[in-house]
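Peer 1: Quick check, what structure comes out for this input:
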Amino acid sequence: MTHTPTAKSPLTRLRDRLGWAVGASYLAAAALPAPGLWLRHPHMIGAAGIPHIAFETPRFLLSLLLFSAGLQVPIHELRALVRRPTALLTGLVLHLVAPLLIIPGVAFALRQSPDSDGGSGMIAAMILIVAMPVAAGATVWTSKGDGDQSTTVGLVLASTLVSPFTIPVTMTALCPLLSGDYANTLSGAARATGHAFALTGVLLPCGAGILCRLALPDRALTRLLDVAVPAAMVGSLLLTYINAGGVLGPFLTHPEPVLLVAALVVAATVCGLSFGLGRITARALRLDGPAGASVTLACGMNNSSASAVLITTTLPDRPHVLLPVLAYSLLQKVAAGRVVRAGLRRAARA
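Peer 2: Numbers count the residues shown, from 1 in each chain. So this is what the prediction gives:
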């Protein structure tokens, strides 16, 4: 008796080819940046007799992604953390402390460069990305390898929960490393928008998704997931296109190879040090393989979409600052893949 292979759904096929889809988004941003540049800016919407409001597409898409992430959180897996909180606490503390250990050293190195502002643009971009909570995508990478899924989920939720406090604190603590307008702009953003952005742009959408998962009956939750998950995946690609369009279009019009190389080097340095610090700490504390992998991912993976949206809001006149953020977004996925493959090899040997 032969079995006919089950046809994959369009969502599954898109997920399987997500890397190619992200690459296509970058190509589209490079070839046709104009729509992305238009979507980056706020647009007034409303009807006659109704007050108009400013609709910001990047923020809406980010909220959609975080709502979908919260909607998919396996709450039941968090019960194991009550009995084994060491990895969760280690990962959370490391995620919050790592920027304070890594960014000053990178800033000192850039001060020695011939850049007129001492690399403040690069450092500003790195500050805005390392201040973000753990990327929800870390749970996807954990599920692909030998990581501890409950620990990773707990780290994503815990870092998101404290983000209204930690984002402005991290930005304020690292702002003295900047010079000129960058220092004033980020310092003002930390005071004025840090709490508001973290609360309304990060915590509330994710929390709303979790509450829906807890409150809705199974049938309604399944229907909502069937709509929200594909919408979030398409929204993720659109947000990637918008963010990339803000920098790739102008960059290709006026190429700056030195800027590109500098962005790649700075992003690779911060990403490599973050993942390396997570791995060293996990080994020093003798965490088991799965818990160590989750701590490593939490230390190195940050919500790059949130940082890109915050840069669009904070530094709208300096799109080149997005270049190291885009580089970090790609590099952290490469590093996460290495962590996953190492876990699989370790499990195979065991």
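
Peer 1: Look up how far M126 lies from the most centrally placed residue in the chain.
Peer 2: Closest residue to the average C-alpha location of the chain: N303 at 1.5 Å, with Cα atoms, centre = their mean. Distance of N303 to M126, given as Cβ to Cβ, to the nearest Å: 14 Å. In this view, the C-beta of every residue, glycine as well, is placed from N, C-alpha and C.

Peer 1: Next: Y328.
Peer 2: 8 Å.

Peer 1: overlap in contacts of these two?
Peer 2: 267, 270 (Cβ atoms under 8 Å, 6 or more residues apart in numbering).

Peer 1: about what we covered before: once you drop chain neighbours, what's closest to the residue nearest to the centre of the chain?
Peer 2: M132 (4.2 Å; Cβ to Cβ, 6 or more residues apart in numbering).

Peer 1: What of S307?
Peer 2: I129 (4.1 Å).

Peer 1: correct me, but the one you found touches A327?
Peer 2: No: applying Cβ atoms under 8 Å as the test, I129 and A327 come out as separate, 10.1 Å apart.

Peer 1: which of the two has more neighbours?
Peer 2: More crowded of I129 and A327, by other Cβ atoms under 10 Å: I129, with 26 against 22.

Peer 1: what residues are up against the more buried one?
Peer 2: Counted by Cβ under 8 Å, 6+ apart, I129 has contacts 270, 302, 304, 307, 324-325, 328.

Peer 1: Now intersect those with the strands, please.
Peer 2: Nothing among these maps onto strands, per DSSP state E.

Peer 1: do you know how far the residue nearest to C175 when sequence neighbours are not counted is from L174?
Peer 2: Nearest non-adjacent residue to C175, counting by Cβ to Cβ, 6+ apart: S187, 4.6 Å away. Noted for S187: a distance of 10 Å to L174, by Cβ to Cβ.

Peer 1: With neighbour numbers in mind, choose between the two.
Peer 2: With neighbours defined as other Cβ under 10 Å, S187 and L174 compare such that L174 has more, 23 against 15.

Peer 1: Can you tell me the SS state at that one?
Peer 2: Recorded secondary structure, L174: helix (DSSP: H, G, I helix; E, B strand; the rest coil).

Peer 1: That one contacts I127, correct?
Peer 2: Yes: counting by Cβ under 8 Å, I127 is a contact partner of L174 at 4.8 Å.

Peer 1: so what sits against both of the two?
Peer 2: Common neighbours of L174 and I127, counting by Cβ under 8 Å, 6+ apart, are 99, 103.

Peer 1: Only the buried residues of stretch 278-286, if you could.
Peer 2: For stretch 278-286, burial by neighbour count (16 or more other Cβ atoms under 10 Å) applies to 278-279, 281-282.

Peer 1: Can I get those in a markdown table including pLDDT?
Peer 2: Below are the buried residues of stretch 278-286 laid out as a markdown table (pLDDT from 0 to 100):
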| residue | pLDDT |
| --- | --- |
| G278 | 91 |
| R279 | 91 |
| T281 | 91 |
| A282 | 89 |
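
Peer 1: picking up where we left off before, list just the nearest of the contacts of I129 to S113.
Peer 2: Ranked by distance to S113 (Cβ to Cβ), those are led by P324 at 13.9 Å.

Peer 1: Pull the contacting residues for the closest one.
Peer 2: Taking Cβ under 8 Å, 6+ apart, we find P324 in contact with 122, 125-126, 129, 263-264, 266-267.

Peer 1: just V202 next, same as before
Peer 2: Contact analysis of V202 by Cβ under 8 Å, 6+ apart lists 62, 66, 132-133, 160, 163-164, 167, 303, 306.

Peer 1: Strands along this protein, start to end?
Peer 2: Under DSSP E, the chain gives strands at 43-45, 53-55.

Peer 1: can you put those in JSON lines and add distance to P35, mean pLDDT and mean neighbour count?
Peer 2: JSON lines is the format used below for the strands of the chain (distance: least, Cβ to Cβ, whole Å; pLDDT from 0 to 100; neighbours: other Cβ atoms under 10 Å):
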{"stretch": "strand 43-45", "distance to P35": "13", "mean pLDDT": "75", "mean neighbour count": "10"}
{"stretch": "strand 53-55", "distance to P35": "16", "mean pLDDT": "76", "mean neighbour count": "11"}
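
Peer 1: which stretch among the ones you listed comes nearest T90?
Peer 2: Smallest distance to T90 across those (Cβ to Cβ): 40.8 Å, for strand 53-55.

Peer 1: so what does the lengthiest helix in the chain touch, helix or strand wise?
Peer 2: Taking DSSP state H as the criterion, the chain has its longest helix at helix 218-253. Where contact means 3 or more Cβ pairs under 8 Å, 6 or more residues apart in numbering; DSSP states H and E, helix 218-253 is packed against helix 10-16, helix 18-31, helix 34-40, helix 57-71, helix 204-215, helix 304-314, helix 322-349.

Peer 1: got the angle for the fifth one vs helix 218-253?
Peer 2: To tie it back to what came earlier, the one meant is helix 204-215. Orientation check (axes from the mean of the first three to the mean of the last three Cα atoms, to 10 degrees): helix 204-215 against helix 218-253 gives 160 degrees.

Peer 1: The second one now?
Peer 2: Between the axis of helix 18-31 and that of helix 218-253 there is an angle of 40 degrees, by the same axes, to 10 degrees.

Peer 1: again with the fourth one
Peer 2: With the same axes, to 10 degrees applied, the angle from helix 57-71 to helix 218-253 works out at 140 degrees.
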